[in-house]
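Participant: okay, predicted coordinates and the sequence, questions at the end:
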Amino acid sequence: MNARAPEPCLGRAPCADDEARHRADHIAIVLHDFSAGGSERIAITLGNRWAQCGRRITLLCGSASGPSRARVAAEVCVQVVQPEIGRGRGSRRRLAQALLQVLEPLQPDVVFAPGNFHLPVIGVMARRLHGTAPTWVGKISNPLRQPGRPRWRQALFAAIARYRCTPLDCLVAMSPALRDEAARVLRRDDLEYVHEPNLALDAASPMPTKPEVPLMVCAGRLVAQKRFALALRTLAALGPDSPVRLLMLGDGPERDELQTLARRLGIAARVQWAGHVPDIAPALANASALLLTSRYEGYPAVLIEALAAGVPVLTTDCSPALPEILFDASFGRIAAAEPQALAQALHQTMALQPRAEAVAMLVQRHRAQSCADSYLALLDRAVAAKHRLQLPTPPCRA
């Protein structure tokens, strides 16, 4: 868990009473805002579940704006810095400084960063407080190596990542493959992993009927990372007589540019722009396949949601975790990030039907309640371990 080994309890294991006293009773989750991103959605899912378990949860935010605000349960406290801090150049450092002012009266047991974007925030805070309480826990939400990044830039990125993460007590990845990759980059052997809580407790494993008109679905923020221009070019590569339609779920700064590209490619009439939707399940019920064209991803939740709905997936090679997700051949295909290759693979993908037994295994792995409970156990261990490191441990009494 920590870089240093815990102090022994006079040669014996710590007392159970000591472990129970030092746990994550008050968890503060850092969110810059309530954007529609996957990290925010997962963080709120975790916080809601932890509150159900009787823990005190506080969302520490720079801004109250964003569509994900409606997902927060009534039991979860939302504390927004004043004046609010919107995203922008230097905003994460300003947010860290502002949160330091509110942290002392709150006295949480854990401060949790739900993804790479928020790691610099708690990294600054932990350094300023010299590693003292609370316990600092960060989640690795995106690969620390990106395909195509020049070697010198990767070396610089890795050095910055190590600097940011060094003062953190615990780092958690979303799968074994992502844990191993992060461990190599960060040069730490104490990383843990917990699967993502992508699916509600009552998530079923339906096997939808193939629609009469083939429908390809893309979902995500319309930003450069998602590379949705490639999805449009893939649709165009299918040819003007192809019956396949494309449904785009999501919104973002590239929307106008992408719509212009669709018109230029002559496929505008075959593309539907749905904007941000709170739930993609209704769209998946009518889908023939889900297409993921990202440059890079951590553990792409949208693949889990599609497979849980019985929809096969086609993806670029965007994450080290893909073999862990597509562990069954019926789940889908991985293709080169090139329109013709994706178009060819799309025909194969739409003919697939994910096996019910394999889907059930995937669903069980990603149920929100069990994943959130595993996270909670990890946070409790992290708090107990830091307490043993910082304070003299009295003899255990039989």
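Facilitator: Yep, that arrived.
Participant: which residues in the stretch 151-300 of the chain form strands?
Facilitator: With strands called from DSSP state E, counting those that start in this stretch, the stretch 151-300 of the chain shows them at 170-173, 192-193, 215-219, 245-249, 271-275, 289-292.
Participant: return the most buried member of those.
Facilitator: Most buried of those, by mean neighbour count (mean count of other Cβ atoms under 10 Å): strand 289-292, with a mean of 26. For glycine as for every other residue, the C-beta is placed from the backbone atoms N, C-alpha and C.
Participant: what pairs with it, and is each one parallel or antiparallel?
Facilitator: Using DSSP bridges, strand 289-292 pairs in its sheet with strand 215-219 (parallel), strand 313-315 (parallel).
Participant: now the longest one and strand 245-249, what's the angle there?
Facilitator: Taking axes from the mean of the first three to the mean of the last three Cα atoms, to 10 degrees, one finds strand 215-219 and strand 245-249 inclined to each other by 20 degrees.
Participant: so which of the strands of the stretch 151-300 of the chain gets nearest residue 70?
Facilitator: strand 271-275 (15.6 Å; Cβ to Cβ).
Participant: need the residues that contact the closest one.
Facilitator: 232, 235, 245-251, 255, 259, 262, 283 (Cβ atoms under 8 Å, 6 or more residues apart in numbering).
Participant: could you dump those residues into TSV with pLDDT added?
Facilitator: Output for those, formatted as TSV (pLDDT from 0 to 100):
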residue	pLDDT
232	98
235	98
245	97
246	98
247	97
248	98
249	96
250	93
251	93
255	97
259	98
262	98
283	93
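Participant: could you export the residues you listed as TSV, including distance to residue 80?
Facilitator: Converted to TSV, the contacts of strand 271-275 look like this (distance: Cβ to Cβ, whole Å):
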residue	distance to residue 80
232	38
235	41
245	41
246	38
247	34
248	31
249	28
250	25
251	23
255	28
259	34
262	38
283	32
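Participant: dump the residue contacts of residue 56.
Facilitator: Applying Cβ under 8 Å, 6+ apart, the residues contacting residue 56 are 25-27, 77.
Participant: now it: phi and psi?
Facilitator: Residue 56 adopts backbone torsions of phi -90, psi 120, taken as degrees, to the nearest 10.
Participant: likewise residue 383?
Facilitator: phi -60, psi -50.
Participant: likewise for the one 4 residues further on?
Facilitator: For residue 387, the backbone dihedrals (degrees, to the nearest 10) come out as phi -60, psi -40.
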